[in-house]
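A.B. asks: requesting a structural model of the entry that follows:
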Amino acid sequence: MLTYNYTARDPATGQRVKADVQAENEQSAAKLIHKEGLVPLEITLSGSGSGKLLDHFNRVAAKDKVLFSRQLATLINAGLPLVQSLRNVAEQTVNKKFKVIINHIIADVEGGSSLSVSMSRYPEVFSQVYLSLIAAGETSGTLDKALERLAVQQEKDADLVSKIRGAMIYPIIVVCVMIAVVGFMIIKVVPQVKMMYTNIAGGASLPLITRILLAVSDFAIHDWWIVAIILVLFGFFGTRWARTLGGKQVVDSVKMKVPPIGPLFMKVYMARFSRTATTLVASGVPLLQVLQITSDAVNNVHIQHSIRRAADRVKGGKSLSDSLQGDPNFLPLVPSMIHIGEESGSLEKMLAKTADYYENEVDNEIKSISTLIEPVLMVVLGVVAFIIVAAVLLPIYGLANQSFTGF
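C.D. replies: Now for the predicted structure:
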């Protein structure tokens, strides 16, 4: 039984009533409310209406879905009924939001819905790839195998993202430290020596680099709010623009073409396409549906258009390899490996090898970029430190030379 929060109207008095009710599903809850002589206005599963901000922080992470898939696959493979398996998984689920969703799915399945249809009500948790594999597993009677494939797919995707994020930690830390040090120098140190420059230099002109540093310091102390407003406006409107079709096209084009991230992202996209297609083909999903799902899963509008163009050509009778051959948004190895798979009848195997290859290439690319970034950051840090030190010391050095010459 699940707990539902409801808001209802009393026809006799016209007043609104808020209370809880225990029921197997939302329809049963509505019937119980009607029996009380009330008209239900809103019925929500207890714990599911916590607000968008709280839901954002209490989101369902990839590791939660991997654990859910593996546990459910193990229990179903052991011969337990689906509902009992879901209940056991729900009891072991730590994430409160996910636990509520699983309990709601249990209620829907008990009410006669299929697992894939019940999950489709939560698109923010279960992707189209996930739903397609679950539906294919239900149709073929291999739900446990579909769940295992999903767990592997999710682990691979999470590992790929984790490696990219991990490679960015060191540069981000160095840049933050550099900004903090420069900010401290400009806001705290430079104003303290500004008066000293005035007293020592008298009417003499300060070096250009020192005057620039002093101007920057004055601006940072008195007019910092201008920069803050510009950054906030840029972040707000930039984010909104990036969500438009034109913005996505520009951002995705930059990801694909601008070095050194261009080659890395291209390999990430090829790995994601190949891995997703492998999982779908292995589960018996039709090829056209595979292309439709992978076009959304790749998360790049240009590659999405290429895959959909390829799907139209496949509909017209061409092979997938011929449809992708020569496409500038696909690396040449992908159609070549697909061609071998089509000729040998082992498309799933060739796609898996392609995914493995590009995942290894992503590892190598990340290492290369990390190796390149470290010395570049050190050079930038050294140049910034040199400019600040030169701006601080040059006036004193110049005055010392003048005094020595006069002496």
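
A.B. asks: what mean pLDDT does the helix or strand encompassing P40 get?
C.D. replies: Of the helices and strands defined by DSSP states H and E, P40 is found in strand 39-45. Across strand 39-45, pLDDT averages out at 77.

A.B. asks: return the set of buried residues in stretch 133-140.
C.D. replies: Using 16 or more other Cβ atoms under 10 Å as the test for burial, stretch 133-140 gives 133-138. Placement of C-beta: from N, CA and C, glycine included.

A.B. asks: sorry, wrong one. I was asking about stretch 255-264.
C.D. replies: The neighbour-count criterion (16+ other Cβ under 10 Å) identifies 255-256, 261, 263-264 as the buried residues of stretch 255-264.

A.B. asks: in the stretch 251-400 of the chain, which spans are helices?
C.D. replies: 261-282, 287-297, 301-315, 320-324, 333-344, 347-406 (DSSP state H, counting those that start in this stretch).

A.B. asks: past the lowest-mean-pLDDT helix or strand in the chain, which element shows up next along the chain?
C.D. replies: Every helix and strand in the chain was compared by mean pLDDT, DSSP states H and E; the lowest is helix 52-57, with a mean of 46. Scanning forward in sequence from helix 52-57 by DSSP H and E, the next helix or strand is helix 62-77.

A.B. asks: go ahead and name everything in contact with that next one.
C.D. replies: When contacts are defined by Cβ atoms under 8 Å, 6 or more residues apart in numbering, helix 62-77 is touched by residues 82, 84-86, 88-89, 92-95, 98, 102, 125-126, 130, 143-145, 147-148, 150-151, 154-155, 157-158.

A.B. asks: now L143. Nearest residue, chain neighbours left out?
C.D. replies: Distances taken as Cβ to Cβ, 6 or more residues apart in numbering put G137 closest to L143, at 3.9 Å, once the chain neighbours are dropped.

A.B. asks: gap between that neighbour and H222?
C.D. replies: Here the criterion is Cβ to Cβ, to the nearest Å. By it, G137 lies 65 Å from H222.

A.B. asks: also Q304?
C.D. replies: If you measure Q304 against H222 using Cβ to Cβ, the figure is 48 Å.

A.B. asks: also E348?
C.D. replies: Computed with Cβ to Cβ, the distance linking E348 and H222 is 65 Å.

A.B. asks: ok, now M185?
C.D. replies: Using Cβ to Cβ, one gets 17 Å for the distance from M185 to H222.

A.B. asks: go on, P40?
C.D. replies: Between P40 and H222 the computed distance is 60 Å (Cβ to Cβ).

A.B. asks: same question, S336
C.D. replies: Computed as Cβ to Cβ, the S336 to H222 distance reads 62 Å.

A.B. asks: and for G14?
C.D. replies: Using Cβ to Cβ, one obtains 60 Å as the distance from G14 to H222.

A.B. asks: same check, this time on L324
C.D. replies: 58 Å.

A.B. asks: out of these two, which sits in the more crowded spot?
C.D. replies: For L324 versus H222, neighbours defined as other Cβ atoms under 10 Å are more numerous around L324 (25 against 9).

A.B. asks: so what's the more buried one up against?
C.D. replies: Taking Cβ under 8 Å, 6+ apart as the criterion, L324 is in contact with 306, 310, 330, 334-335, 338.

A.B. asks: mind running it again at 6 Å?
C.D. replies: Shown in contact with L324 (Cβ atoms under 6 Å, 6 or more residues apart in numbering): 310, 330, 335.

A.B. asks: in ChimeraX, select just the buried ones from these.
C.D. replies: Listed next is the ChimeraX selection for buried residues among the contacts of L324, using 16+ other Cβ under 10 Å:
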select :310,330,335
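
A.B. asks: and the contacts of L324 as JSON lines, adding distance to E26 and pLDDT?
C.D. replies: Rendered in JSON lines, the data for the contacts of L324 read as follows (distance: Cβ to Cβ, whole Å; pLDDT from 0 to 100):
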{"residue": "A310", "distance to E26": "42", "pLDDT": "94"}
{"residue": "F330", "distance to E26": "45", "pLDDT": "94"}
{"residue": "P335", "distance to E26": "48", "pLDDT": "94"}
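
A.B. asks: of the contacts of L324, which is the nearest to A167?
C.D. replies: Distances from the contacts of L324 to A167 were compared by Cβ to Cβ; the smallest belongs to F330, at 24.3 Å.

A.B. asks: got the phi/psi numbers for that closest one?
C.D. replies: Listed backbone geometry of F330 is phi -130, psi 130, with angles given as degrees, to the nearest 10.

A.B. asks: residues contacting it?
C.D. replies: With contact taken as Cβ under 6 Å, 6+ apart, F330 is in contact with L324.

A.B. asks: how close does it sit to R272?
C.D. replies: 12 Å.

A.B. asks: equivalent analysis for I221, please.
C.D. replies: 47 Å.

A.B. asks: neighbour count winner among those two?
C.D. replies: Ranked by neighbour count (other Cβ under 10 Å), I221 and R272 place R272 first, with 25 against 13.

A.B. asks: per-residue pLDDT, that one?
C.D. replies: At R272, the pLDDT value in this model is 89.

A.B. asks: so what's the residue count around the nearest residue to it once chain neighbours are set aside?
C.D. replies: Spatially, and ignoring its direct neighbours in sequence, R272 is nearest to V298 (5.5 Å; Cβ to Cβ, 6+ apart). Close neighbours of V298, defined as other Cβ under 10 Å, add up to 21.

A.B. asks: I'd guessed V298 sits against M270; true?
C.D. replies: No - shown here, V298 and M270 do not form a contact pair, counting by Cβ atoms under 6 Å, at 9.1 Å.

A.B. asks: show me the shaky parts of the protein.
C.D. replies: Applying pLDDT under 70 to the chain picks out residues 1-3, 24-25, 45-58, 198-204, 398-407.
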